[in-house]
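Visitor: Quick one, structure for this:
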Amino acid sequence: MMKSAEWKISPRETLHEVMNFPDLNPVILQLLRKRGVESREQIERFLDPRIECLYNPMLMKDMEKAVDRIKSAVKKSEKITVYGDYDVDGITSTCIMMKTLKKMGGNVDYYIPSRLDEGYGLNRDSIEKIHGRGTTLIITVDNGISSFEEVDYAKSLGMDVIITDHHEPQDLIPQAVAVVNPKQNNCHYPFKNLAGVGVTLKLAHALTNLDQQTLEDNLELAALGTIADIVPLLDENRIIAKYGLKHLEKTDNKGLKAMKSLLNISDMQLDTTKVSFLLAPRLNAVGRISSAEIAVELLLTGDETRAFELAQTLESINQERQAIESKILTQAREMIEKDLDLDENRVIVASSQEWHPGVIGIVASKLVEIYNRPCILIAMEGEEGKGSGRSIPGFNIFEALSQVSHLLTRYGGHEQAAGLAISVNNIEIFREEINKIAGNTLNRKYTPELNIDMELKEEDITLDLAGQLELLEPFGYGNPKPVFMCKNFCVNHIRTVGNEDRHLKLSLKKKQKQIAAIGFNFGLYKEELNMAPVLDIAFYLEVNRWQGITEPQLKIKDIKIPYLQDELLIKIEEGYYRRFFSNFKNEMVRLASSGPLPDTSSTEFIKNEDNLEKNEYVKKLFLKGRRVLVIINTPYQAWQLLEYLKDMEDIKNDTGVFFSLNPDTERGKKNIILINPVDIGCKKNADDIVFYDAPFSAQILGLRLKNMSAGSTIHAIFKKADFRFNHMVCQKMLPEIEDIRTIHGLLNRLSSGKLRFVINISDFKAQLRRYTDFDLHYMGLINVLKVFQEMGVMMDFKIKQGFIQIDKQSGQPQKTSLETSNTYREFVFIKKKLKEFEQLQGGI
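Guide: As a prediction, the model looks like this:
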């Protein structure tokens, strides 16, 4: 069955800014608030970012010192070396500084250390090489803020160093001629989150006396580095990315044109996704397994033929990187499945002599996606291993490494990614120690989380909103593409598309609204989705422009299937509604009227502290060997548990499933699953009693608690989201008022003016689906007819073998209210009590 992520849904808020922006959809304002964009000025700046809104680079600490020293070096024809880094941020930074200094007439070259042989940042060997070239001024780009000893060593050789960087500085900074980093102490630059290439762009702008053309000439490279380095696409980064993408689309850069040509994206509109997944990986690949100088030459060359040769080289290296990555991923997965107990290892640590250290970080990221837990891969060479780790929200991997630093040769990184070096002899104890740390901070729930920006109603899903969402582009870190969700879609039509039928095209319906959707890599689930009466869908809302048609389209991110209309559910529903139909309404009214709200303050409930998925929680209880009673109130939640347990023979043999309790049926069963919404008695000898889902009223909960034996442990594991299934039962028992009116109108049309007429129930339900998306249950139809009878709009009805005979009142029917029906009033009362309990649920 399809497995979904755990959805974290942000609530909608009441907005006061709507009047200030009457043309903006309120959803857009909500999304901006989530991104910290709230004031009128902030909103206008975000929606209409302009190049002239970039801040003056001279506001950055030490910028004036850096400019003066560089201009002096150019004037005196001193040899200048730009010291870069081997990732896209460092490569593009190197290129911008090289272009700028050459344009100024500088005597300049560059140096990028080998990732494999030298590692990140300045080192003594590289400084000696640079000194041997006759360099008197080193300018670091995207590195250097932690290079204390290296800067001192360069100074001892007679060289000056200017540091430009964006990484977090320590309290002290290297004793360089100038340190240009907006994050350093006492730097009052308004925006702190520039990428390394953003800082370099600022220096280039300052060096050319704030020449606007300098910005225009370098925006495409700055955007490339900014997007690739995963810095927040807000404020200046947003401006750089937005305008840089436009420059990338029509670039004159020979290297970028060659890359785009090879990737067949020359005529495409570029967005952050294409940059992140097409251009950036190829530039990064050379730094990982070859020399980043190839990428620098590609981006600086003015020779079209040479550019194409270099682009082909990049493509070959990237293919090699992909092959290495694929091999490591396969080996790592085999190792994990064979050698690691995933119940005990909350952090995956795996190592091999065969792995390439330049690629293990990418593989670690993929393993995190697969296993949803932190992962550290270690490439061993001789007695030392080089490791790369990636984490999940809630586990600070850098902090964890700090706690086991005595086992490491060196380490660095941040909350979600880190690198390390370790003696091979320490790997096993390192695995044990970091898992002990994780045991104190991570629970055992390994379900990935999906952050949902907002729940939309079907009326919110419009072409206007889809179009306005484009105002929020470019999307990326800090400004993620909004993810929405909407519940209770019905599937009108579904088909597979694409290579090997890997994708799905769906026509969805909710009430009277038809909505198109596409799900990439969801093709496997076609048959399962066909069996789902309703779907909850998490999605991106986009404008679909195709063959002259413009319409809103849902790009599916995730799907939740509340239940399947399979043999198991049919069996449960049949037993449930057959047993409880006749007394459901009367018992619910009686029990909900039994007295004031119960006081549960003195009742000790065991909560789901590990936040396990509900079925996992019940399974864990069953396996303890105690006597367990699980009380379930709706057939749909019963289906979820029984579907989960269906292949667990050891549990099934000890478990009985009943609609009512009596000594004969219970005999010999240690565990009982009771599917009953109105039973208030409880099995007296149960060690554990589990409220799996919500009762239909607080009074029913109170009566059940009152009737429990004192020795039972009570587990309340239902959540507010579970109430939807109670509402679903109420809806099936008696539809909503609009649906009742629709049924009445259809019956009138089918009667053709006759006082007595017969309808085929199946045909009637099929016709009804043309007007509404709810699935009329047989029991619901009977109750609707009872309502009509009590209102006096029909005299009688009889049901036999799939047909209904209806006798209408003769003469002109008097106008009457639904409130005159006792059946209708009682169901309104039941729904009211359910809603009251839903609002109180946080109190138990």
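Visitor: buried set for stretch 809-829?
Guide: Residues of stretch 809-829 classed as buried: Gln809, Leu818, Ser821, Thr823, Tyr824, Glu826, Phe827, Val828, Phe829 (neighbour count, 16 or more other C-beta atoms under 10 Å). C-beta: built from backbone N, CA, C; applies to glycine.
Visitor: Quick check: Val286 touching Ile317?
Guide: Yes: the pair Val286 / Ile317 is scored as a contact, 5.3 Å apart, by C-beta atoms under 8 Å.
Visitor: shared neighbours of those two, anything?
Guide: Contact criterion C-beta atoms under 8 Å, 6 or more residues apart in numbering; residues shared by Val286 and Ile317: Ile294.
Visitor: one step back: pick out whichever of the buried residues of stretch 809-829 sits closest to Asp165.
Guide: Lowest distance from Asp165 to the buried residues of stretch 809-829 (C-beta to C-beta) belongs to Val828, with 66.3 Å.
Visitor: Correct me if wrong, but the closest one is in a helix.
Guide: Yes: the assignment for Val828 by DSSP: H, G, I helix; E, B strand; the rest coil puts it in a helix.
Visitor: how near is it to Leu194?
Guide: Note on Val828: its distance to Leu194, by C-beta to C-beta, to the nearest Å, is 59 Å.
Visitor: ok so, going back, output the buried residues of stretch 809-829 as CSV; include the columns distance to Ile370 and pLDDT.
Guide: Converted to CSV, the buried residues of stretch 809-829 look like this (distance: C-beta to C-beta, whole Å; pLDDT from 0 to 100):
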residue, distance to Ile370, pLDDT
Gln809, 65, 78
Leu818, 54, 90
Ser821, 55, 93
Thr823, 53, 94
Tyr824, 52, 95
Glu826, 51, 94
Phe827, 47, 94
Val828, 49, 94
Phe829, 50, 94
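Visitor: ok, then the element right after the strand or helix carrying Glu44?
Guide: In the assignment (DSSP states H and E), Glu44 maps to helix 40-47. Per DSSP H and E, the first helix or strand lying C-terminal to helix 40-47 is helix 63-75.
Visitor: List of residues touching that next one?
Guide: Against helix 63-75 from outside (C-beta under 8 Å, 6+ apart): 57-58, 78, 80, 101, 104-107, 136-137, 139, 160, 162, 164, 177-178, 180, 202-203, 206-207.
Visitor: what does stretch 305-313 give?
Guide: Residues outside stretch 305-313 that contact it (C-beta under 8 Å, 6+ apart) are Lys254, Gly255, Lys257, Ala258, Met259, Ser261, Leu262, Ile294, Glu297, Leu298, Thr301.
Visitor: before we move on, the earlier item: filter the contacts of helix 63-75 down to the buried ones.
Guide: For the contacts of helix 63-75, buried by 16+ other C-beta under 10 Å: 57, 78, 80, 101, 104, 106-107, 136-137, 139, 160, 162, 164, 177-178, 180, 202-203, 206-207.
Visitor: Pull up the gap between the nearest residue to Leu840 once chain neighbours are set aside and Tyr692, please.
Guide: Leaving aside its chain neighbours, Leu840 sits nearest to Ala698 (6.0 Å; criterion: C-beta to C-beta, 6 or more residues apart in numbering). Between Ala698 and Tyr692 the computed distance is 17 Å (C-beta to C-beta).
Visitor: Same check on Met159?
Guide: Met159 is 71 Å from Tyr692, by C-beta to C-beta.
Visitor: Same drill for those two, tell me which one is more crowded.
Guide: Tyr692 (25 against 20; other C-beta atoms under 10 Å).
Visitor: Confirm for me that Trp415 is in contact with Ile392.
Guide: You called it Trp, but residue 415 is Glu. No: if you go by C-beta under 8 Å, Glu415 and Ile392 don't touch, sitting 10.4 Å apart.
Visitor: Of these two, give the one with the bigger neighbour count.
Guide: A direct count of neighbours by other C-beta under 10 Å for Glu415 and Ile392 places Ile392 higher, at 19 against 14.
Visitor: show me the contacts for that one.
Guide: Per C-beta under 8 Å, 6+ apart, neighbours of Ile392: Val368, Asn372, Arg373, Pro374, Gln416.
Visitor: can I assume the third one is in contact with Ile348?
Guide: Yes: distance between Arg373 and Ile348: 6.2 Å, which falls inside the contact criterion (C-beta under 8 Å).
Visitor: Mind checking which of the two has more residues around it?
Guide: It is Ile348, of Arg373 and Ile348, that has more neighbours when counted by other C-beta under 10 Å, with 24 against 20.
Visitor: one step back: okay, buried residues for the helix holding Glu44 please.
Guide: Those would be Gln42, Ile43, Arg45, Phe46, for helix 40-47 by 16+ other C-beta under 10 Å.
Visitor: Likewise for stretch 353-370?
Guide: Neighbour counts over stretch 353-370 (16+ other C-beta under 10 Å) mark 355-368 as buried.
Visitor: do the same with stretch 116-127
Guide: Leu116, Tyr120, Gly121, Leu122, Asn123, Ser126, Ile127.
Visitor: now, which of the residues you listed lie within helices?
Guide: Ser126, Ile127 (DSSP state H).
Visitor: tell me which of the buried residues of stretch 116-127 is nearest to Leu442?
Guide: Of all these, Tyr120 has the smallest distance to Leu442: 28.5 Å, by C-beta to C-beta.
Visitor: Please tell me I have it right and that closest one contacts Ser126.
Guide: No: between Tyr120 and Ser126 there is no contact under C-beta under 8 Å: 11.3 Å.
Visitor: overlap in contacts of these two?
Guide: Here Tyr120 and Ser126 have Pro113 as joint contacts, going by C-beta under 8 Å, 6+ apart.
Visitor: residue boundaries of the strands in the stretch 1-150 of the chain?
Guide: Here the stretch 1-150 of the chain has its strands, by DSSP state E, counting those that start in this stretch, at 6-9, 79-83, 107-111, 137-141.
Visitor: looking at the ones you listed, which is buried most?
Guide: Among those, strand 137-141 has the highest mean neighbour count (mean count of other C-beta atoms under 10 Å), at a mean of 29.
Visitor: follow-up on the earlier one: please export the C-alpha coordinates of the helix holding Glu44 as PDB.
Guide: Below are the C-alpha coordinates for helix 40-47, written out as PDB (Å, rounded to 0.1, in the frame of the first residue of the first chain):
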ATOM      1  CA  ARG A  40       3.800  46.900   3.300                       C
ATOM      2  CA  GLU A  41       7.400  47.900   2.400                       C
ATOM      3  CA  GLN A  42       8.600  44.300   2.700                       C
ATOM      4  CA  ILE A  43       5.700  42.900   0.700                       C
ATOM      5  CA  GLU A  44       6.300  45.400  -2.100                       C
ATOM      6  CA  ARG A  45      10.000  44.800  -2.100                       C
ATOM      7  CA  PHE A  46       9.400  41.000  -2.200                       C
ATOM      8  CA  LEU A  47       6.900  41.000  -5.000                       C
END
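Visitor: name the helices or strands packed onto it?
Guide: helix 26-34 (3 or more C-beta pairs under 8 Å, 6 or more residues apart in numbering; DSSP states H and E).
Visitor: pLDDT averaged over the helix it packs on, what's the number?
Guide: Across helix 26-34, the average pLDDT comes to 92.
Visitor: what do you get for stretch 114-131?
Guide: Stretch 114-131 shows a mean pLDDT of 92.
Visitor: Go ahead and name everything in contact with that stretch.
Guide: For stretch 114-131, the external contacting residues (C-beta under 8 Å, 6+ apart) are 81, 83, 85-86, 111, 113, 138, 140, 143-144, 146-147, 150-151, 153-154, 157-159, 287-288, 291-292, 357-358.
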